[in-house]
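Colleague: here is my input; please provide its structure:
(2 chains)
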Amino acid sequence: MSEARPRTMAAAPALPALHRPAREGALRAALPRLVLGLYLLFLLVPIYWLVNMSFKTNLEISSAMTLWPREPTLDNYRRIFTDPSWYGGYINSLKYVLLNTAISLAVALPAAYAFSRYRFLGDKHLFFWLLSNRMAPPAVFALPFFQLYSAVGLFDTPWAVALAHCVFNVPLAVWILEGFMSGVPREIDETAAIDGWSFPAFFIRLFLPLVAGGVGVAGFFCFMFSWVELLLARTLTTVNAKPIVATMTRTVSAAGMDWGLLAAAGVLTIIPGAVVIWFVRNHIARGFALGRV
Amino acid sequence: MSKPRDQRAWLLVLPVVALVAFSALIPVMTVVNYSLQDTFGNNVFFWNGLGWFRDLLDPATEFGGRFRGALWRTLLFSALCLLIEVPLGIGVALTLPRRGWGVAASLVLLALPLLIPWNVVGTIWQVFGRGDIGLLGAALNGLGIDYNYAQDPLDAWITVVLMDVWHWTSLVVLLCYAGLRAIPDAYYQAARVDGAGAWAVFRAIQLPKLQRVLTIAVLLRFMDSFMIYTEPFVVTGGGPGNATTFLSIDLVKIALGQFDLGKAAAMSIVYNLIVLTVCWIFFATTTRGQSEAVGERS
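Modeller: Down below sits the predicted model:
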């Protein structure tokens, strides 16, 4: 809030000027740009500071406030890329995130089709029950998951985390896909049936391409929520499948803060997300409305 | 045209039901089971009936008081987040360009905080707010403001709320932007003919059309802020003292820190029920008006 206030104040002096007739049009056009610019600045400054720190030596971080690295160094990144316990974390994370995205989409696609096309016994209750899992705090599941996955022998594997993340990703994927599928007219299904398409062939070869945008957006959300989650990923792994987010927290608690290394690791976790956004940027606005505006 | 009734649709839903039942029903049963028992370790359990629930709901007990405190802090946190993020999100969405290269660039930049792992969000703000090595902390201290989130409860709250605004306002912006894009140009042309000002356009056209996406935004923001764990845990660790110990932080402390299974399970159930109830009430009240419109459409 302490920073939100100066931002609105910075915008305020422009307001009285609106009544000056000569400049009114120009200022009215500039005001949204100004607000947007300030907001984007607010988003980027903390990230800039992290990036800035990742190129500094620990000596420079602790000794001086510098807005850019005086002696830029790649040592922090070099350490991450050469130490298996660091880069292994990224690989482990990507493993369960991709696994989760694949599982979530595979089970959500037929279910979303059923919800968008048919009424069946208990459909509304089932839908709400699915969504209610999205409302369960991960903290609630941490301990039972630990015991469940230990019991079935999946503890400390990417499968444990991937399956655990399905609890909140599958309902979301069903919800998003259902919205996109409801936008496809049902006549297409009927025509295909009359033309003699079998259901699996129709679904995969005709129907899926029609909702490709929705599949992309649902995949994006699964990727995103699995990639950013820490609590379950940390609880369900110890050594072999330890994700990068857990590696980072354990380094923080080690004696002596290696801020530069921590910052570099943080910067590297931002990159996969940025790449994924770039791919879905044209669908993102619609996707965030969950398919049906 | 209404959907045909076909029970075979259950076959298509079956994989989801099986998967979610495995991942959600079994843990929920475990939690219910623990909540009625007490343990002194070594897997020896004693029947405790509703004892934990009685303690939990009675603020006079140590456990109940602790729960009450964390509950109020979490509610206050959610309320603050919603009050700031929803209006700010609508405002920013209105300023986004509607066409041109700026659209994709703005959307990608806006979505960036959403894709940063939550503990990295915590790390970013932990560093950013520090007086010795962080830009924000150093700048505020340089201005003569005594700011130290590790020691002052108010500063800790400001930092945690500001972090959440930074992290999640973009979600509201993107949702509202999607809603605004769906308004046909004809509406704006009609408003121009009528000579409506920007405020009138907002009140009469944009806000009503945003109702559906705002419902989603408020629901998602309420759920996620009410369940928040990682970010404040990394920044403040629940401190100073208990000032930022939210429900989930307390729950993880009890469950995985003290291994107090009965207490943790009872707390889990009440916690989960609160989220469900609030979401259900909100959903039911906001969609009542809309369901009539949906009924006409289908």
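Colleague: does any bit of the strand or helix carrying A:Ala218 sit next to chain B?
Modeller: Here A:Ala218, judged by DSSP states H and E, is contained in helix A:212-228. Yes: counting by Cβ under 8 Å from any Cβ of the partner chain, contacts between helix A:212-228 and chain B involve A:224, A:227-228. No exception for glycine: its C-beta is placed from N, CA and C like everyone else's.
Colleague: count of neighbours near the closest residue to chain A within the stretch 51-200 of chain B?
Modeller: Of all residues in the stretch 51-200 of chain B, the one sitting closest to chain A is B:Leu115 (2.7 Å; Cβ to the nearest Cβ). Using other Cβ atoms under 10 Å in any protein chain shown, B:Leu115 has 22 neighbouring residues.
Colleague: thinking again about what came up before, and after the helix holding A:Ala218, which helix or strand comes next?
Modeller: In N-to-C order, the element after helix A:212-228 by DSSP H and E is helix A:231-235.
Colleague: packing partners of that following helix?
Modeller: helix A:138-151, helix A:158-182, helix A:244-253 (3 or more Cβ pairs under 8 Å, 6 or more residues apart in numbering or on different chains; DSSP states H and E).
Colleague: circling back: and the helix holding A:Ala218 with helix A:158-182, angle?
Modeller: Interaxial angle, helix A:212-228 versus helix A:158-182 (axes from the mean of the first three to the mean of the last three Cα atoms, to 10 degrees): 150 degrees.
Colleague: need the helices and strands packed on helix A:231-235 in TSV (columns: mean neighbour count, distance to chain B and mean pLDDT).
Modeller: Output for the helices and strands packed on helix A:231-235, formatted as TSV (neighbours: other Cβ atoms under 10 Å in any protein chain shown; distance: least, Cβ to the nearest Cβ, whole Å; pLDDT from 0 to 100):
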stretch	mean neighbour count	distance to chain B	mean pLDDT
helix A:138-151	22	3	84
helix A:158-182	25	5	89
helix A:244-253	18	5	69
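Colleague: of all the ones you listed, which one comes closest to B:Leu261?
Modeller: Of all the helices and strands packed on helix A:231-235, helix A:138-151 sits nearest to B:Leu261, with 7.1 Å by Cβ to Cβ.
Colleague: the closest residue in space to A:Ser182 that isn't next to it in sequence sits in which helix or strand?
Modeller: Counting by Cβ to Cβ, 6 or more residues apart in numbering or on different chains, A:Ser182 lies nearest to A:Ser116, which is 4.5 Å off, once chain neighbours are set aside. Under DSSP H and E, the secondary-structure element containing A:Ser116 is helix A:84-117.
Colleague: following that helix, which helix or strand comes up?
Modeller: By DSSP H and E, the next helix or strand past helix A:84-117 is helix A:123-134.
Colleague: could you list the low-pLDDT ranges of chain A?
Modeller: In the predicted model of chain A, residues A:1-24, A:250-256, A:284-293 satisfy pLDDT under 70.
Colleague: just the closest residue of it to chain B, please.
Modeller: For chain A, Cβ to the nearest Cβ, closest residue to chain B: A:Gly273, 2.7 Å.
Colleague: pretty sure that residue sits against A:Phe221.
Modeller: No: between A:Gly273 and A:Phe221 there is no contact under Cβ atoms under 8 Å: 12.0 Å.
Colleague: for the residue of chain A closest to chain B, what are its contacts?
Modeller: By Cβ atoms under 8 Å, 6 or more residues apart in numbering or on different chains, the residues touching A:Gly273 are A:224, A:227-228, B:112, B:114-116.
Colleague: just these now: which is nearest B:Thr74?
Modeller: Taking Cβ to Cβ as the measure, B:Thr74 sits nearest to A:Val228 out of these, at 20.1 Å.
Colleague: leaving out the residues flanking it, which one is nearest to the closest one?
Modeller: Leaving aside its sequence neighbours, A:Val228 sits nearest to B:Pro117 (Cβ to Cβ, 6+ apart; 4.7 Å).
Colleague: was I right about that neighbour contacting A:Thr249?
Modeller: No: B:Pro117 is not in contact with A:Thr249 according to Cβ under 8 Å; the separation is 10.4 Å.
Colleague: common neighbours of the two, please.
Modeller: When Cβ under 8 Å, 6+ apart defines a contact, the residues bordering B:Pro117 and A:Thr249 alike are A:Leu230.
Colleague: related to what we said a few turns ago, the residue nearest to A:Ser182: how many residues sit nearby?
Modeller: 20.
Colleague: what does the one 5 residues further on give?
Modeller: The local packing count at A:Leu121 equals 10, with neighbours defined by other Cβ under 10 Å.
Colleague: these two touch, right, it and B:Arg8?
Modeller: No: using Cβ under 8 Å, A:Leu121 is not in contact with B:Arg8; the gap is 11.1 Å.
Colleague: does the helix or strand A:Pro200 falls within reach chain B?
Modeller: Counting by DSSP H and E, the element that carries A:Pro200 is helix A:199-201. No: applying Cβ under 8 Å from any Cβ, one finds helix A:199-201 separated from chain B by no less than 9.5 Å.
Colleague: no further questions, thank you.
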